[in-house]
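Visitor: starting from these lines, generate the structure:
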Amino acid sequence: MRKILNSSLNESETFERCVDVLSVSGAVLLLPTDTVYGLVCRWNDSEAISAIRRMKERGARKPFQMLAPNIDAVEKAGVAVSGVARSLSDAFCPGPLTIIARAGDKTGTIGFRIPNDSFLSRLMIECGSNLAATSANPAGKTPIVSVSDAGTLFTPPPALIVDGGRLSGVASTVVDATSDAVSLIRTGALSDEMILDVANGDV
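Guide: Numbers count the residues shown, from 1 in each chain. Predicted structure coming up:
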């Protein structure tokens, strides 16, 4: 059950409120995902992305993760999902895997994830936008797994905080799939062995 922090709204009403808030330029939400709590905004909302950087004291060069409801939405956003990136997405998406792939123009990379979370998927589809996301914690601190003290962590606070209860706290596994030789960037909910088995064609 998800509800707005300190609110009596039910999950359906919370969903509609999230849709409304995300329609406002510069809006940042703190939401539960299938791994940890995240700070999110529309993927192309530069004002909100700048706000998240200030809230987290996050460096200007550090990229954001793209959350998307499905692979079609990833590719429509200009990500080249081919080769090993395609194999990994077919095997583990939706789920706790962040895949770094080439941007369609070949000049950069984007780390994308398709969360196994129906609320987030519906939200992105309803809003017609992927989300820019980063874990909900000040830079260098541990990501939060509950929202009991979330309102005091960030200045300014997010426009909306959604309480989804206590989460597992296990972050996504991150892999660089920009070449055929996949690189493991961060071990998380999926083991290195699971990733390498698929990347090497052993499953």
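Visitor: any weak-confidence spans in the chain?
Guide: Within the chain, the stretches with pLDDT under 70 are 106, 149, 151, 202-203.
Visitor: how about 50 then?
Guide: Counting by pLDDT under 50, the chain has no low-confidence residues at all.
Visitor: quick one, helices of it?
Guide: Taking DSSP state H, the helices of the chain run over residues 11-22, 46-56, 71-76, 84-92, 118-127, 192-199.
Visitor: how about these in TSV, adding mean neighbour count and distance to residue 154?
Guide: All C-beta spots, glycine's among them, are computed from the backbone N, C-alpha and C. Below are these laid out as TSV (neighbours: other C-beta atoms under 10 Å; distance: least, C-beta to C-beta, whole Å):
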stretch	mean neighbour count	distance to residue 154
helix 11-22	16	16
helix 46-56	18	4
helix 71-76	17	27
helix 84-92	20	31
helix 118-127	18	20
helix 192-199	16	32
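Visitor: relative to residue 104, which of those is closest?
Guide: helix 71-76 (8.0 Å; C-beta to C-beta).
Visitor: could I have the closest one exported to PDB, CA atoms only?
Guide: Provided in PDB are the C-alpha atoms of helix 71-76 (Å, rounded to 0.1, in the frame of the first residue of the first chain):
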ATOM      1  CA  ILE A  71      12.000  -1.500 -23.400                       C
ATOM      2  CA  ASP A  72       9.900   0.300 -26.000                       C
ATOM      3  CA  ALA A  73      10.000   3.400 -23.800                       C
ATOM      4  CA  VAL A  74      13.800   3.100 -23.400                       C
ATOM      5  CA  GLU A  75      14.400   2.900 -27.100                       C
ATOM      6  CA  LYS A  76      12.000   5.800 -27.900                       C
END
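Visitor: check which helices and strands that helix is in contact with.
Guide: Here helix 71-76 touches no other helix or strand, going by 3 or more C-beta pairs under 8 Å, 6 or more residues apart in numbering; DSSP states H and E.
Visitor: how far is it from where the chain is centred?
Guide: Put simply, helix 71-76 sits 15 Å off its chain's centre (C-alpha atoms, centre = their mean, to the nearest Å).
Visitor: what comes into contact with it?
Guide: Residues outside helix 71-76 that contact it (C-beta atoms under 8 Å, 6 or more residues apart in numbering) are 66, 68, 81, 89, 93, 112, 114, 124, 130.
Visitor: and which of these is nearest to residue 10?
Guide: Among the contacts of helix 71-76, and counting by C-beta to C-beta, the member closest to residue 10 is residue 124, at 20.7 Å.
Visitor: quick one: the strands in this protein, in order.
Guide: Assigned by DSSP state E, the chain shows strands spanning 3-4, 29-32, 37-42, 65-67, 79-80, 97-103, 109-113, 131-135, 160-163, 173-176, 183-186.
Visitor: thanks again, I'm all set now.
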